[in-house]
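Trainee: could you work out the structure for the sequence below:
(one chain, ligands or ions: 1)
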Amino acid sequence: MKLILIGPPGAGKGTQAERLIQALGIPQLSTGDMLRAAVTAGTPVGKAADAVMKAGKLVSDDIVNAVVDERLAAPDCAKGFILDGYPRTLVQADALKAAMAARGESLDLVIEITVDDAVLVDRVSGRYSCGSCGAVYHDTTHRPKVDGTCDRCGSSTFKRRADDNAETMRSRLMTYYRETSPLIGYYHALGLLRRVDGMGTMDEVSAAISKALGR
Ligand code: ADP
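Mentor: Residues are numbered from 1 along each chain as shown. Have a look, this model is predicted:
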């Protein structure tokens with residue numbers, strides 16, 4: 001299964017991708033995670049991406065396309081993959097199509113997760129995660145059961161993304177509507193788009209995605 005999860009920042013793409021990894025046994029390819037790893041490692045890609053990401057803008061198509069193309073060539077992607085955060089522009093969508101066609105592959109489905117803007121800003125500006133296992137929490141809606149201790153792994157170190165604040169979030173939302181939302185029409189026209197309501201609980205959204213996948 002070769003899938004794209006598309007939706008604004010905070011829609012729940014990462015959460016749902018994690019559940020799909022378990023259910024489908026295929027890897028999640030998050031360009032945001034790949035770019036953040038490059039920033040932490042201080043690679044040339046990371047150096048180019050750092051300031052752009054902090055401003056809530058998009059890293060250049062050339063850089064992101066190259067990162068994804070290399071990742072798609074890895075053996076674990078042969079059975080399928082879940083793209084999370086890519087493509088984000090029409091140029092990237094075309095590059096993906098070409099990269100897959102070169103391997104004789106094509107996309108199976110594009111799942112769009114929709115959520116109201118006010119909810120997105122609230123979700124993202126309160127978001128933080130465990131520094132050890134990556135479990136995601138929220139300042140008001142989802143705190144660890146024991147304050148300061150991760151429910152999943154017991155760690156007491158937490159981190160917050162540099163771009164998860166109300167101001168940068170507004171810029172990321174604008175970028176989404178301007179650059180990424182045209183992809184909804186693009187994939188709809190190809191007959192690949194399925195729309196899922198992302199306003200429900202995580203389980204409700206998972207169920208809606210399973211249904212869209214015909215499972
Ligand atoms: P979110 O979807 O919550 O905004 P991501 O982790 O997917 O977060 O992305 C964080 C940032 O990384 C983006 O705001 C952007 O700067 C950069 N980025 C991620 N994916 C891409 C992409 N496909 N093209 C360009 N920039 C990207």
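
Trainee: Arg194 belongs to a helix, doesn't it?
Mentor: No: per DSSP: H, G, I helix; E, B strand; the rest coil, Arg194 lies outside any helix segment and is strand.

Trainee: now it. Nearest residue, chain neighbours left out?
Mentor: Once flanking residues are discounted, Arg194 sits nearest to Ala212: 4.0 Å by C-beta to C-beta, 6 or more residues apart in numbering. The way it works is simple: take the backbone N, C-alpha and C, and place the C-beta from them, glycine included.

Trainee: pull the number of nearby residues for the one you found.
Mentor: Neighbour count of Ala212, defined by other C-beta atoms under 10 Å: 17.

Trainee: which parts of stretch 80-90 are buried?
Mentor: For stretch 80-90, a neighbour-count test (16 or more other C-beta atoms under 10 Å) marks Phe81, Ile82, Leu83, Asp84, Gly85, Tyr86, Pro87, Arg88, Thr89 as buried.

Trainee: let me fix that: stretch 173-187
Mentor: Leu173, Thr175, Tyr176, Glu179, Thr180, Leu183, Ile184, Tyr186, Tyr187.

Trainee: and Arg195, what's its pLDDT?
Mentor: If you check Arg195, the pLDDT there is 97.

Trainee: what residues are up against it?
Mentor: For Arg195, the contact set (C-beta atoms under 8 Å, 6 or more residues apart in numbering) comprises Ile111, Glu112, Thr114.

Trainee: what residues are up against the closest residue to the last one other than its chain neighbours?
Mentor: So the one you mean is Thr114. Distances taken as C-beta to C-beta, 6+ apart place Gly198 nearest to Thr114, at 5.6 Å, with adjacent residues excluded. Under the criterion of C-beta under 8 Å, 6+ apart, the neighbours of Gly198 are Gly7, Ala11, Gly12, Ile113, Thr114, Val115, Val205.

Trainee: distance-wise, check Gly198 relative to the ligand.
Mentor: According to C-beta to the nearest ligand atom, to the nearest Å, Gly198 and the ligand sit 12 Å apart.

Trainee: try Val45
Mentor: Taken as C-beta to the nearest ligand atom, the span from Val45 to the ligand is 11 Å.

Trainee: name the element that residue belongs to?
Mentor: helix 44-54 (DSSP states H and E).

Trainee: for that helix, buried residues please.
Mentor: Buried residues in helix 44-54, counted by 16+ other C-beta under 10 Å: Val45, Gly46, Ala48, Ala49, Asp50, Met53.

Trainee: so for it, mean pLDDT?
Mentor: Confidence for helix 44-54, expressed as mean pLDDT, is 95.

Trainee: any residue of the following helix or strand past that helix touching the ligand?
Mentor: Using DSSP H and E, the helix or strand that follows helix 44-54 in sequence is helix 61-72. Yes: using C-beta under 6 Å from any ligand atom, helix 61-72 reaches the ligand at Val64.

Trainee: alright, calling it a day.
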